[in-house]
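J.: the sequence and its predicted three-dimensional model are supplied below.
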Amino acid sequence: MSAPEDRPELGIAVVGHSFMGAVHSHAWRTVDHVGRPRFRTRRRVLAGRDAGRAAAAAAQFGWDEGVGDWRALLERDDVHVVDILTPGDSHAEIAIAALEAGKHVICEKPLAKTVEEAERMTAAAEAAAARGVRSMVAFNYRQVPAVGLARQLVAAGRLGTVRQVRAVYLQDWIVDEEFPLTWRLQADRAGAGSLGDIGSHIIDAAQFITGQRLVSVSGTTETFVKQRPLPAAEAGVGTGLSATASTEMGEVTVDDAAVFFGRGDGGALMTFEATRMALGRKNGMKIEVNGSAGSVAFDFESMNELWFYDGTVPAPENGFRRIFATEPEHPGVANWWPAGHGLGYDHPFVHELQEFLSAIADGRDPAPSFAEGLQVQRVLEAVQRSADNDSVRTPV
Ligand code: SOE
C-alpha cells in the first residue's frame, strides 16, 4: 500500500529538447525520489518549435505531452513552473511572459543575450516575486558538492584573506573546422561564444566560492575558425552538442576562446580562460583559490574531489590533501548514496531543482536569482567591451 500523498502538486513544463532539455528532463524525473521535496512534481508538458519533434521528445523524456509553441503553456492552470532550456535569443521573451502569467521560472545560463535583456528579466522577476512568483538562473556547477564545500571553507575563514583566483573552462568540441555553425556559434542566437557559454560558469563559480563580486575586468577574445558549414537541420531530440553539416558556409560571429582577468570587491585578483579549442580537454572546468591561510583547488573532471591546503599545518607534514566530497555533511550529498559512492554531471541539476522547489515552498527567492544572472551578464559585457577595445595592445 502506498503512503497517503499530502503534498501539493506543481505542474512542470520545459521549453527545449536538445542537450539541456534532456538533462533537465532527467533532473525533473529524479527530483521527486531524492529526499522529499515539499511539492510533488508532475512532468506535464514539453514545448518545442515543432509539434512533431516536441511530441517525440516528450515521449522519450517522460512528459505527459509535447506542444509546438511555448505560448500554449501560459494559459494552462495545470502548469505552475516553466523551465527555459532554449538558445539565449528566446530567454527574455519566454521568461518575462511566463513570470507575468504567474509561472515560477527557472532559466538556463547565461541569463540573456545582453545586459538590457537581463535587466528587463530581472525587473520582471522582482515584480513577480512581490506576488510570490519565483525565478532562478541555472548555474549548475555551484551545486557540485565540492564547489559548495570550497565556498564553506572560504566563508569559515579557513583560507584567510582570499588573494587570488585562477579559473579555466576548457573544451574542444569545435576544434574540427568542419564542425557546423550551430546556435552556440551565432552571436544573434547565443550572445557570445565561449565567453558566455562557459566563461559565465567560471565567473559564477569564482564569485560563489569567494563571496567576492568582480568590479573591473580586462580581456581579449579570438575566433580562430572564421567560417564553418551551416548545420544541415534543426537540432533533433537530445542531440547534445552534435550536428550535421550542410555544404553551405557561414560566418562565425562569436569568440572561440576568451582570456580575461579582474578584481573582486574584496581585493582578490582573478584570472579566467574559457575556450572550446583546448584539444584533448572535454569539460575541464577548474578553479583554484589562494588565500593568506589556505588554498582550495577543484577540477570538474574529478568532480567529487576538493583539494585543500591548510596553511596552519606545520610545513614538514603539510601539502594539498584530497577531500572526497561524498560525506552526508557535504552540500547536497545527504539524500544520495552512502559516503564514497560519488556523483556525476547530472546530480547538480537535481540539487538546483531542490533549491528551486524549497525556495517556492519557503516563499523566498532561490539562489542564484535573476539579479545574480544579471550581474554575471554585466561582467560578460564588460569583458566583451574590453576585448572590442583591444585591451591587449601594449606592444612588446
Ligand atoms: C557547451 O559548451 C556546454 O554544454 C555548456 O553549454 C554547458 O553549460 C556546460 O555545462 C557544458 O558545456
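T.: Now that the structure is in, tell me what you want to look at.

J.: which residue is it, in the stretch 151-300 of the chain, that comes closest to the ligand?
T.: Minimum separation of the stretch 151-300 of the chain from the ligand (Cβ to the nearest ligand atom) falls at Asp197, amounting to 4.7 Å. C-beta coordinates here come from the backbone N, C-alpha and C atoms, glycine included.

J.: what do you get for the stretch 1-150 of the chain?
T.: For the stretch 1-150 of the chain, Cβ to the nearest ligand atom, closest residue to the ligand: Phe19, 5.6 Å.

J.: returning to what we had before: quick one, phi psi at the residue of the stretch 151-300 of the chain closest to the ligand?
T.: Reported as degrees, to the nearest 10, the phi and psi values for Asp197 are phi -70, psi -50.

J.: would you agree it is in contact with Ala190?
T.: Yes: counting by Cβ atoms under 8 Å, Ala190 is a contact partner of Asp197 at 6.7 Å.

J.: which residues are in contact with both of the two?
T.: Overlap between the contact sets of Asp197 and Ala190, as judged by Cβ atoms under 8 Å, 6 or more residues apart in numbering, is given by Arg184.

J.: where do the helices sit along the stretch 151-300 of the chain?
T.: For the stretch 151-300 of the chain, applying DSSP state H, counting those that start in this stretch gives helices covering 187-190, 194, 200-210.

J.: reformat these as JSON lines; add mean neighbour count and distance to Met270.
T.: JSON lines is the format used below for the helices of the stretch 151-300 of the chain (neighbours: other Cβ atoms under 10 Å; distance: least, Cβ to Cβ, whole Å):
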{"stretch": "helix 187-190", "mean neighbour count": "17", "distance to Met270": "24"}
{"stretch": "helix 194", "mean neighbour count": "29", "distance to Met270": "17"}
{"stretch": "helix 200-210", "mean neighbour count": "25", "distance to Met270": "6"}
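
J.: return the set of buried residues in the longest helix along the chain.
T.: Counting by DSSP state H, the longest helix found in the chain is helix 370-388. Buried residues in helix 370-388, counted by 16 or more other Cβ atoms under 10 Å: 370-384, 386-387.

J.: same thing with stretch 25-33?
T.: Ser25, His26, Ala27, Trp28, Val31, Asp32.

J.: over to stretch 156-174?
T.: Neighbour-count burial for stretch 156-174 flags 158-159, 162-163, 165-172, 174 (criterion: 16+ other Cβ under 10 Å).

J.: gap between the residue of the stretch 1-150 of the chain closest to the ligand and Phe356?
T.: 20 Å (Cβ to Cβ, to the nearest Å).

J.: what separates the most centrally placed residue in the chain from Lys109, distance-wise?
T.: Closest residue to the average C-alpha location of the chain: Phe139 at 2.9 Å, with Cα atoms, centre = their mean. Plainly put, Phe139 is 5 Å away from Lys109 if you go by Cβ to Cβ.

J.: need the overlap of contacts for those two.
T.: Contacts common to Phe139 and Lys109, judged by Cβ under 8 Å, 6+ apart, are Ser200, His201, Asp204, Gly373, Val376.

J.: hmm, which two among those are most spread apart?
T.: His201 and Gly373 (12.0 Å; Cβ to Cβ).

J.: overlap of the contact sets of those two?
T.: Lys109, Phe139.

J.: returning to what we had before: using TSV, lay out the helices of the stretch 151-300 of the chain together with mean pLDDT.
T.: As requested, the helices of the stretch 151-300 of the chain are exported to TSV (pLDDT from 0 to 100):
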stretch	mean pLDDT
helix 187-190	96
helix 194	98
helix 200-210	98
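
J.: could you dump those into CSV with distance to Arg40 added?
T.: Converted to CSV, the helices of the stretch 151-300 of the chain look like this (distance: least, Cβ to Cβ, whole Å):
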stretch, distance to Arg40
helix 187-190, 35
helix 194, 39
helix 200-210, 30
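
J.: so for Val237, which of the ones you listed sits nearest?
T.: helix 187-190 (19.0 Å).

J.: quick check, the helix or strand just after that closest one touching the ligand?
T.: Next helix or strand after helix 187-190 toward the C-terminus (DSSP states H and E): helix 194. No: under the criterion of Cβ under 6 Å from any ligand atom, helix 194 makes no contact with the ligand; the nearest approach is 7.6 Å.

J.: other residues contacting helix 194?
T.: By Cβ under 8 Å, 6+ apart, the list of residues contacting helix 194 from outside reads Tyr169, Gln171, Thr221, Val254, Asp255, Asp256, Ala257, Ala258, Ala274, Thr275, Arg276.

J.: between Phe19 and Phe356, which one's more packed in?
T.: Phe356 (25 against 17; other Cβ atoms under 10 Å).

J.: run a quick neighbour tally on the residue lying closest to Phe19 once chain neighbours are set aside.
T.: Counting by Cβ to Cβ, 6 or more residues apart in numbering, Phe19 lies nearest to Gly240, which is 4.7 Å off, once chain neighbours are set aside. Using other Cβ under 10 Å, Gly240 has 13 neighbouring residues.

J.: relative to Gly21, how far out is Gly240?
T.: Separation of Gly240 from Gly21 (Cβ to Cβ): 10 Å.

J.: now swap in Pro180 and tell me
T.: 19 Å.

J.: so which of those two has more stuff around it?
T.: Neighbour count, other Cβ under 10 Å: between Pro180 and Gly21, Gly21 has more, with 28 against 20.
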